Structure formats: structure tokens, C-alpha cells
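Novice: Sequence and predicted structure are below.
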Amino acid sequence: MKLSPSLLALALTAATLPAFADEPAPADPLSFNIGGVTEYRYRGISQTRLKPALQGGIDYAAPNGFYIGTWASTIKWIKDAGGDANVEVDLYGGYKTEVASGLTLDVGVLQYYYASNKLNPSANTLELYGALTFGPVTAKYSHSTTNLFGFADSKGSGYFDVTGTFDLGDGMSLAPHVGHQTVHHFSAASYTDYSLTLSKDFSGLVLSGAVIGTDAKKEAYTSAVGSKFLGKTTFVVGLKKTF
């Protein structure tokens with residue numbers, strides 16, 4: 001079974017490196033980032049048909065804990081699904097604060113936007129999220145208030161994940177991750193993803209390597225173009241510069 005436009009739509013969501021709202025506030029209020037990955041994975045599913053992507057973003061973090069930002073990446077899944085969009089643009093804003101000693105709360109809203117995507121239902125998706133961080137571990141839940149990435153009647157879908165970020169010293173960190181995507185009214189498309197990312201920070205230039213996999217069903221996540229399984233276990237290399 002090939003991936004239909006609605007099924008391929010979930011294949012939209014997945015990056016190797018944490019982007020936008022998951023990142024800690026920078027030392028300066030305004031920051032920029034630009035980079036590339038050998039494959040754009042989001043929630044374990046390839047957004048680029050197993051091919052490389054260019055990415056970049058802008059963030060503003062106010063001293064009072066409020067933040068806004070935008071992030072973008074090249075993609076292939078919408079055109080593979082019969083639509084017309086080459087770029088994903090994320091717009092987000094939220095509030096981060098310490099609610100107890102060592103415990104940080106982060107809440108916000110995230111709009112995934114695909115200009116003129118022409119899919120029906122539209123691929124554009126709005127999610128609300130909340131996260132708690134204690135020490136090196138963050139638990140987060142994201143809840144869709146619209147249809148999820150083109151799935152019909154999927155409002156109320158959710159993604160829960162737990163990610164650790166462990167400082168290894170000398171600019172190196174290790175980040176294990178596990179998450180579960182539930183697609184409302186479409187259980188066959190629900191799945192669990194997992195990854196292990198090793199990163200090295202060279203004074204703002206971050207090189208990373210990640211092993212990423214899922215238990216997604218091949219019949220649900222096989223690209224209509226090239227018949228490639230978009231949730232296969234893979235190794236992704238990324239390079240990102242923050243300034």
C-alpha cells in the first residue's frame with residue numbers, strides 16, 4: 001500500500017536535532033541558526049524522502065520568560081503527496097519559567113505552515129504544547145487543535161516524548177529520546193519513535209550524529225514516490241551554526 005496524501009502528511013513532522021521551542025533560551029535575546037542535515041526526520045519520519053535538507057531559524061527570548069521564533073526546512077513529502085510546497089515554516093511562541101527548584105515549565109503554541117500546499121484537508125497544523133524539565137530530562141506533550149498534517153478528522157491527535165540531554169564535557173552531549181505519536185481516529189498511523197544523538201559544539205558550530213528509528217507500519221509510511229519506507233532505522237548527520 002502506497003502512502004496516500006493524508007498518510008504521507010504525518011510523514012511531515014520530524015527533525016534530528018531539536019529545533020524551535022525545544023531549545024534552551026540563548027544568552028542573547030535574539031539569535032539566528034542555519035544548517036543542514038543528511039535527512040530531515042521529524043518524530044522519526046522522513047520529511048525529505050531520505051534525502052538532505054537545508055534549515056534555519058530566528059529566535060527571540062525575552063528576559064521575562066516569553067519567547068517567539070520561526071524555523072524553516074526544505075521538504076519533499078507534500079509534492080510526493082500530490083500537493084505543491086517545497087518548504088515547511090514553523091511559527092511559535094510561548095513562556096518558560098522555573099516553577100520549583102530545578103523544575104522548569106515551558107508552554108506554547110506552534111503553527112506548521114506550508115504555503116499553497118493544495119492538500120485537502122490542508123497540511124497546515126496548529127499544536128499546543130507543554131513541557132517539564134528537571135535536570136537533564138524533559139517530558140513534553142503536543143496536542144493538535146486542527147487536523148494533523150492533512151489527516152482527515154484527526155483533530156485532537158497527540159505526541160508525547162521524553163528526551164535527555166547529558167553533558168559529556170568538552171562541548172559534547174548525548175541525547176536519548178523516545179516518543180509516541182497518536183493519530184486520532186486513525187490508529188494504524190500511530191507509532192513510537194526513538195533516537196540517540198551525539199553532538200559536539202565547536203564554539204557555536206554544532207556537529208551531530210543520530211541513530212533514529214520507529215515502529216511505524218510500512219503500509220502507512222511508504223512514499224508514493226520511489227516506494228521508500230520513511231520510518232526505517234537510519235543514521236543522520238547534522239551541522240548547525242548559531243549566532
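Specialist: Received it, and whenever you're ready, just let me know what you need.
Novice: From here on, just use CA atoms for contacts and neighbour counts.
Specialist: Will do.
Novice: what sits opposite residue 67 in the beta ladder?
Specialist: residue 61, residue 94 (DSSP bridges).
Novice: Per-residue pLDDT of it, please?
Specialist: As predicted, residue 67 sits at a pLDDT of 98.
Novice: Compute the number of surrounding residues for it.
Specialist: 20 (other CA atoms under 10 Å).
Novice: List the contacts of it.
Specialist: 59, 60, 61, 93, 94, 95, 96 (CA atoms under 8 Å, 6 or more residues apart in numbering).
Novice: Please repeat the previous calculation with a cut-off of 10 Å.
Specialist: 21, 25, 29-30, 59-61, 92-96, 108 (CA atoms under 10 Å, 6 or more residues apart in numbering).
Novice: TSV for those, including pLDDT, distance to residue 162 and neighbour count?
Specialist: Below are those laid out as TSV (pLDDT from 0 to 100; distance: CA to CA, whole Å; neighbours: other CA atoms under 10 Å):
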residue	pLDDT	distance to residue 162	neighbour count
21	38	15	26
25	45	19	19
29	94	27	12
30	97	27	16
59	98	23	23
60	98	25	18
61	98	23	22
92	98	20	20
93	98	21	19
94	98	19	19
95	98	19	18
96	98	18	22
108	98	17	19
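Novice: and of those, the nearest to residue 68?
Specialist: residue 93 (4.1 Å; CA to CA).
Novice: distance between the ends of stretch 126-141?
Specialist: One end of stretch 126-141 to the other measures 14 Å (CA to CA, to the nearest Å).
Novice: Centre of the chain to it, how far?
Specialist: Averaged C-alpha coordinates place stretch 126-141 at 13 Å from its chain's average position (CA atoms, centre = their mean, to the nearest Å).
Novice: tell me which residues of it are tucked away?
Specialist: For stretch 126-141, a neighbour-count test (16 or more other CA atoms under 10 Å) marks 126, 127, 128, 129, 130, 131, 132, 133, 138, 139, 140, 141 as buried.
Novice: Could I get the average pLDDT for it?
Specialist: Mean predicted lDDT for stretch 126-141 stands at 98.
Novice: One more: stretch 40-50?
Specialist: According to the model, stretch 40-50 has a mean pLDDT of 98.
Novice: How far does it stretch from one end to the other?
Specialist: 7 Å.
Novice: Equivalent analysis for stretch 200-210, please.
Specialist: 12 Å.
Novice: Quick check: mean pLDDT of it?
Specialist: Across stretch 200-210, the average pLDDT comes to 97.
Novice: Run through who's touching that stretch.
Specialist: 16-17, 33-35, 37-38, 168-176, 195-199, 234-243.
Novice: Give me the PyMOL select line for the residues you listed, limited to the buried ones.
Specialist: Filtering the contacts of stretch 200-210 down to the buried ones (16+ other CA under 10 Å) takes a single PyMOL command:
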select buried, resi 16+17+33+34+35+37+38+172+173+174+175+176+195+196+197+198+199+234+235+236+237+238+239+240+241+242
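Novice: farthest pair in the buried residues of stretch 126-141?
Specialist: By the measure CA to CA, 126 and 133 form the most distant pair in the buried residues of stretch 126-141, at 22.9 Å.
Novice: and the residue of the chain most remote from its centre, how far is that from residue 133?
Specialist: Relative to the centre of the chain, the most outlying C-alpha is that of residue 101, 28.5 Å out, by CA atoms, centre = their mean. Using CA to CA, we find residue 101 at a distance of 11 Å from residue 133.
Novice: what's around residue 230, how many residues?
Specialist: 28.
Novice: what does residue 215 give?
Specialist: Neighbours of residue 215 (other CA under 10 Å): 15.
Novice: what's the neighbour count on residue 100?
Specialist: Quick note: residue 100 (other CA under 10 Å) scores 9 neighbours.
Novice: residues in contact with the residue farthest from the centre of the chain?
Specialist: Contacts of residue 101 (CA under 10 Å, 6+ apart): residue 134.
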